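> structure for the following, please:
(one chain, ligands or ions: 2)
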Amino acid sequence: MITIKSKSQIQKLKDAGKIVAETHQLLKEAIKEGISTYELDKMAEKYIRSCNATPSFKGYGGFTGSICASLNSVVVHGIPSKETILKNGDIISIDIGAYYNGYHGDSAKTHGVGNISVKDEELIAVTRQSFYEGLKKAYVGNRLSDISNAVQSYAERNGFSVIRDYVGHGVGEKLHEEPQVPNYGKPGRGPRLQEGMVIAVEPMIATGTWKVKVLSDGWTAITLDNKNAAHYEHTLAITSGEPELLTIL
Ligand code: MG
Ligand code: MG
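Ligands and ions are numbered 1, 2, ... in the order given. Coordinates of the predicted model:
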């Protein structure tokens, strides 16, 4: 069942989302050659807890991190580790969730470390823009897959592929609610968008194949061809007018 949120619930989602955005800002400034994803994780956890919030991902299905830190060919769900140390030329996707006052915020961004390749610059830019292409369809009366199709069309038109195995989702009192929000598919399918629906749209885009495998840790999802992938996500509310991004400063 898709739950419709009231204006006061959307305000609470925005409060949680702001903490997520602030944490992203903090990590963006900290990302540099030589730092481990464990250190980034601790920094994020400390900040989230200082806001009287809790990291949404910590303990979720047994996940040990407060953030997901997915390096290069890792698409999503990279586990923060002291052994994963950023180096010049890497790209790192950071996914952050915060639970505050009964509601979650969920947002992901991909950053380059030092000087990255032109191809990786393009991958990050196309992934980000594919989100905004989807956002253009996030209006009352459209169908859910209009968003999915806009993301896919833009990514593929630019020569990249769309991950199929992981999708966006509703957000609210639970981190993952209905509906699922795929980043691919034909337009005109799925539920009609209604005022008060809150969803996380999160394109995961790959340089090569969209096929992934999960490593033996049970979490780390990497591309089958080991080529790089990027991730971009915001939680947003469908309104009677423009969609409202909830995970922003
Ligand atoms: Mg996320
Ligand atoms: Mg999400």
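
> from the contact counts, what lies against the lengthiest helix in the chain?
Across the chain, the helix with the greatest residue count (assigned by DSSP state H) is helix 7-30. Helix 7-30 sits against helix 37-50, strand 91-100, strand 103-112, strand 234-237, strand 244-245, with contacts defined as 3 or more CB pairs under 8 Å, 6 or more residues apart in numbering; DSSP states H and E. C-beta here means a position set from N, CA and C on the backbone, and glycine is covered the same way.

> does ligand 1 have contacts with it?
No. With CB under 5 Å from the ion as the criterion, ligand 1 is not reached by helix 7-30; the gap is at least 8.8 Å.

> hmm, back to that, ligand 2: which of the helices and strands packed on helix 7-30 is closest?
Each of these has some distance to ligand 2 by CB to the ion; the shortest is strand 103-112, at 4.2 Å.

> how about residues contacting the helix or strand just after the closest one?
The first helix or strand that comes after strand 103-112 along the chain, using DSSP states H and E, is helix 118-135. With contacts defined as CB atoms under 8 Å, 6 or more residues apart in numbering, helix 118-135 is touched by 91, 110-112, 147-148, 150-155, 158, 160, 183, 201-205, 207, 228-234, 236, 243, 245.

> in strands only, show me those residues.
Among the contacts of helix 118-135, the members found in strands (DSSP state E) are 91, 110-112, 201, 204-205, 229-231, 234, 236, 245.

> of those residues, just say which sits nearest to residue 4.
residue 236 (14.4 Å; CB to CB).

> for residue 239, which non-adjacent residue is spatially closest?
Closest residue in space to residue 239, ignoring its immediate chain neighbours: residue 195 at 5.8 Å, by CB to CB, 6 or more residues apart in numbering.
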